[in-house]
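[1] Got a predicted model here, sequence first, then my questions.
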Amino acid sequence: MYQINDWNNIRAQYNRSTLILGNGASIAVSRQFNYQSLLEHAFNNNLLNNEHINELFYFFETNDFELILRRIWQAHNVNQIFRINNTNLSQVYEEIRNGLIATVRSIHPSYQEVEPFLNNIYNFIKQFDTIISLNYDLIIYWALMYGLNINDRFSLKDCFIDGIFNENWKRLRDPIYGNKFTSLIFYLHGNLALGKDFHGNEYKIENNGINLLNLILDSWSRMETVPLFISEGTANQKINSIHNSFYFSTIYREVLPEPKDSLVIYGWGIGSQDLHLLEKLRNCGIRNIAVSVYNNDQDYCQYINTTLQRHFGNINIQFFDSDSSNCWIHP
């Protein structure tokens, strides 16, 4: 039987280490994130009811809205060049885009619903030098914005300056203005706030946070941006999406393999579609990994222990209760 620690008893060992956040972290904030697939949610709730759209996702072997919207937009541009009638494409693009907007609006909680958790989330994530989020929602972004108003000499940065990702992200680790520590945040599978314009430029939509979700959905609606996030898919689909984005590929090539002694995993089930991330972490020197466990799930502990030992060899693996005090959303 695997020992499940209280986070407070092991947290000192993982101070200033790397944190990976999976979907379980988002579900802890809101049960609305507990769904199988954005696409399934859209079809099951009649937010998409065009059978030809389903065929389009099937043809490209993906559940990813971002990929399909980008493919249609590219086809639209080619048709314009050759003066081919674009009416049907425009209608399909609009229907898929509107379906995505309606789906995100129905799933994603409002800022007011998440706000009660932001202080606890901020205090948890600021302990780490690097935070890698595998979730596309706005929770971490809102926690970052929350931290800007706290004078505690800690700084959270997601390496976007004036909406543009800073290629020289490593220099942003240096504390400024008398801060003690800087934590860098990376959205490996994208974020609702990230998008591409029609020239392929990647950028982050910024505002004070409270009205951010509506601002993002309005930007999609006005066709000012194509969303940049990976909501689901197989390992190959995710890898292809990562390589098709400068921002994603930078995290994959530079941030994940950074030398690190210790790693904390919260809410990440490490499914088969994500094993490629362990491959990128294999040779960065990890010797200690702490993994959150929900409801004393011993079968999960067995799976995680076997998976991590297979990828990292004989390392120290500790499990901790995901509902521990001072852990994620818990005071």
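    Yes, it's here. Numbers count the residues shown, from 1 in each chain.
[2] where does Pro259 land in three-state SS?
    Under DSSP: H, G, I helix; E, B strand; the rest coil, Pro259 falls in the coil class.
[3] what sits against it?
    Residues counted as contacts of Pro259 (CB atoms under 8 Å, 6 or more residues apart in numbering) are Cys284, Gly285. In this view, the C-beta of every residue, glycine as well, is placed from N, C-alpha and C.
[4] per-residue pLDDT, it?
    Predicted confidence (pLDDT) at Pro259: the value is 96.
[5] now swap in Ser37 and tell me
    For Ser37, the model assigns a pLDDT of 85.
[6] so what's it up against?
    Applying CB under 8 Å, 6+ apart, the residues near Ser37 are Asn63, Ser231, Glu232.
[7] what are the ranges of the helices in this structure?
    Using DSSP state H, the helices of the chain run over 7-10, 23-29, 38-44, 51-59, 65-81, 87-107, 111-125, 139-147, 212-221, 235-243, 246-250, 275-281, 298-312.
[8] Neighbours of Cys301, how many?
    By other CB atoms under 10 Å, 18 other residues sit near Cys301.
[9] do Asp162 as well
    When neighbours are counted by other CB under 10 Å, Asp162 registers 8.
[10] quick one: it and Lys204, what's the gap?
    For Asp162, the distance to Lys204 equals 9 Å [CB to CB, to the nearest Å].
[11] Low-confidence stretches in the stretch 151-300 of the chain?
    208 (pLDDT under 70).
[12] if we can go back for a sec, joint contacts of Asp162 and Lys204?
    The overlap between the contact sets of Asp162 and Lys204 (CB under 8 Å, 6+ apart) is empty.
[13] mind checking the backbone torsions on Asn166?
    Backbone torsions of Asn166, given as degrees, to the nearest 10, read phi -80, psi 110.
[14] For it, which residues are in contact?
    Neighbouring residues of Asn166 by CB under 8 Å, 6+ apart: Cys159, Phe160, Leu172.
[15] can you rerun that using 10 Å?
    Taking CB atoms under 10 Å, 6 or more residues apart in numbering, we find Asn166 in contact with Lys157, Asp158, Cys159, Phe160, Leu172.
[16] number of nearby residues for the closest residue to the fourth one other than its chain neighbours?
    Which is Phe160. Spatial nearest neighbour of Phe160, excluding adjacent residues (CB to CB, 6 or more residues apart in numbering): Lys204 at 4.4 Å. For Lys204, the neighbour count with other CB under 10 Å is 20.
[17] I'd like to know how far the nearest residue to Gly178 once chain neighbours are set aside sits from Tyr122.
    Excluding the flanking residues, the one nearest Gly178 by CB to CB, 6+ apart is Arg153, at 6.4 Å. Arg153 sits 14 Å away from Tyr122, going by CB to CB.
[18] Looking at the two, which is more packed in?
    The residue with more neighbours, out of Arg153 and Tyr122, is Tyr122; 23 against 11, by other CB under 10 Å.
[19] That one is in contact with Trp142, isn't it?
    Yes - taking CB atoms under 10 Å as the definition, Tyr122 is a contact partner of Trp142 at 9.4 Å.
[20] what residues go with each domain of this structure?
    4-30+112-321, 38-107 (automatic domain parsing).
[21] Tell me which of those domains sits nearest to Ile329.
    Shortest separation from Ile329 across the domains of the chain is recorded for domain 4-30+112-321, at 4.5 Å, computed as CB to CB.
[22] Quick one: end-to-end distance for the closest one.
    End-to-end span of domain 4-30+112-321 (CA to CA, to the nearest Å): 6 Å.
[23] Stretch 81-90 too?
    End to end - CA to CA - stretch 81-90 spans 15 Å.
[24] same thing with stretch 285-298?
    End-to-end distance for stretch 285-298: 27 Å, by CA to CA.
[25] list the buried ones in that stretch?
    Ile286, Asn288, Ile289, Ala290, Val291, Ser292, Val293 (16 or more other CB atoms under 10 Å).
[26] Save these as JSON lines, and put in distance to Asn166 too.
    Output for these, formatted as JSON lines (distance: CB to CB, whole Å):
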{"residue": "Ile286", "distance to Asn166": "26"}
{"residue": "Asn288", "distance to Asn166": "30"}
{"residue": "Ile289", "distance to Asn166": "29"}
{"residue": "Ala290", "distance to Asn166": "30"}
{"residue": "Val291", "distance to Asn166": "31"}
{"residue": "Ser292", "distance to Asn166": "30"}
{"residue": "Val293", "distance to Asn166": "36"}
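[27] If anything else comes up later, I'll come back, but that's it for now.
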